[in-house]
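S.K.: When you get a sec, could you give me coordinates for this:
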Amino acid sequence: MKITSVRAVYPKYKNTIPSWRTHLWQVVVRIETDTGHTGWGFGGGGKASVEIINGHFSEILVGRQLNSTSDISEIWDYLYVESIPYGRKGIAIMALSGVDLSLYDALGKAEKKPVAKLLNPTNKQTVRCYATGPDTNWYAEMGFTAQKIPHRWTGKHSTETAVNVTEAARGALGSKAEVMLDVYMSWDTDVTVHMNTALKHVGIHWFEDVLTPDDLEELGRLRQKIHPVNMAGGEHEFTALGFAEISRNRSYDIWQPDITWCGGITAGLRIVEMAIADKTAVVPHRGGEPWGLHFIAASECEDFAELVMGTRFSEQDNLWIGSPEQENGHIQVTDAPGFGVKPNENLL
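M.R.: Got it, this is the predicted structure:
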């Protein structure tokens with residue numbers, strides 16, 4: 001089949017956090033083909049990404065063949081090279097991610113297979129999940145046995161806050177639960193070492209994004225100082241080329257590519273191959289979303305998918321109709337063709 005149309009739209013979000021997400025959050029990508037199959041994808045980069053997809057990418061993609069996963073890989077390489085003058089990382093790769101995922105969705109529908117089975121006929125049927133957010137008791141009620149807690153260092157009082165929330169998570173979720181902290185680049189080396197000591201009695205599974213993604217050498221040194229707590233990161237890195245630098249510096253124990261940002265499934269598969277050679281675990285950022293879920297199910301990623309849950313009473317945009325729901329901390333991978341979801345037209 002041939003690609004006949006490539007379009008992206010920035011949804012009418014109602015519940016984004018006032019920040020860079022206001023204008024640069026996720027975009028919906030639609031690929032249409034001459035066989036009538038439509039592929040839906042999800043990428044980062046917001047309004048800037050829409051311009052790249054509807055302009056440059058659309059101009060050079062219409063008319064290309066889409067009949068195999070090899071075709072998708074070739075398209076990925078083509079778009080990467082063509083976008084080098086303004087790309088290589090950042091928004092261009094986030095745009096490429098959305099296109100890549102929409103291509104997989106269209107091919108899965110044409111082949112009448114879920115994306116996970118396109119990638120691997122013998123894939124995981126159920127994936128274990130962890131909840132990200134502050135509402136520990138709610139997560140425990142729903143059956144989660146792992147939680148990642150957002151934490152920001154704003155001064156010495158932040159130590160007490162971290163101790164209190166992690167102790168509460170340990171108490172609510174049990175002695176065998178994984179308790180993680182996502183500090184969103186708000187720590188430095190001294191704070192990380194200090195917090196590692198302060199939280200040793202809790203038993204933290206990983207610290208995430210303690211420094212910026214430009215501090216790979218220091219992360220590699222710091223990783224050894226906090227052992228056996230794992231150093232996790234990589235959501236702000238792009239393509240296998242970027243993860244090669246993570247590998248070279250031994251920056252993380254756990255790699256966390258975001259499939260909607262790092263270059264899609266095509267880049268994700270290349271990153272996993274590298275991680276296998278490094279004997280490093282891969283736990284995709286936001287892996288409980290449909291795209292990450294199929295990727296985890298079909299690959300050597302850890303059986304551990306992130307669901308950003310918010311709180312019991314928080315409102316969220318229901319953008320993707322058909323997204324599987326977690327049950328007792330697990331998600332069933334859909335057998336529907338493609339990713340098995342479609343966008344809520346009311347938000348487009």
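S.K.: Number of residues surrounding the closest residue to Ser68 other than its chain neighbours?
M.R.: Of all residues beyond its chain neighbours, the one nearest Ser68 is Leu107 (7.4 Å), with distances taken as CB to CB, 6 or more residues apart in numbering. Glycine gets a C-beta too; all of them are placed from N, C-alpha and C. Using other CB atoms under 10 Å, the number of residues around Leu107 comes to 25.
S.K.: Leu107 - that's part of a helix, no?
M.R.: Yes - according to DSSP: H, G, I helix; E, B strand; the rest coil, the state of Leu107 is that of a helix.
S.K.: Let me see the contact set for it.
M.R.: If a contact means CB atoms under 8 Å, 6 or more residues apart in numbering, then Leu107 has Gly39, Leu66, Asn67, Ser68, Thr69, Asp71, Ile72, Leu118, Gly338 as its contacts.
S.K.: Scan those residues and report the most crowded one.
M.R.: Most crowded among the contacts of Leu107, counting by other CB under 10 Å, is Gly338 at 29 neighbours.
S.K.: Okay, and the beta partners of that residue?
M.R.: Pro114 (DSSP bridges).
S.K.: Just confirm it contacts Ser102, I think it does.
M.R.: No - under the criterion of CB atoms under 8 Å, Gly338 makes no contact with Ser102, lying 9.3 Å away.
S.K.: what do these two both touch?
M.R.: If you check Gly338 and Ser102 against CB under 8 Å, 6+ apart, the residues they both contact are Gly39, Trp40.
S.K.: what's around Arg152, how many residues?
M.R.: As a burial measure, the neighbour count of Arg152 was computed by other CB under 10 Å and equals 13.
S.K.: again, but for the one 5 residues further on
M.R.: Burial measure for His157: 9 neighbouring residues, criterion other CB under 10 Å.
S.K.: Looking at it now. What's its pLDDT?
M.R.: We have a pLDDT of 94 for His157.
S.K.: returning to what we had before: which of the contacts of Leu107 fall within strands?
M.R.: When DSSP state E defines the strands, the subset of the contacts of Leu107 inside them is Gly39.
S.K.: With respect to Asp214, which of the contacts of Leu107 is nearest?
M.R.: Ile72 (30.5 Å; CB to CB).
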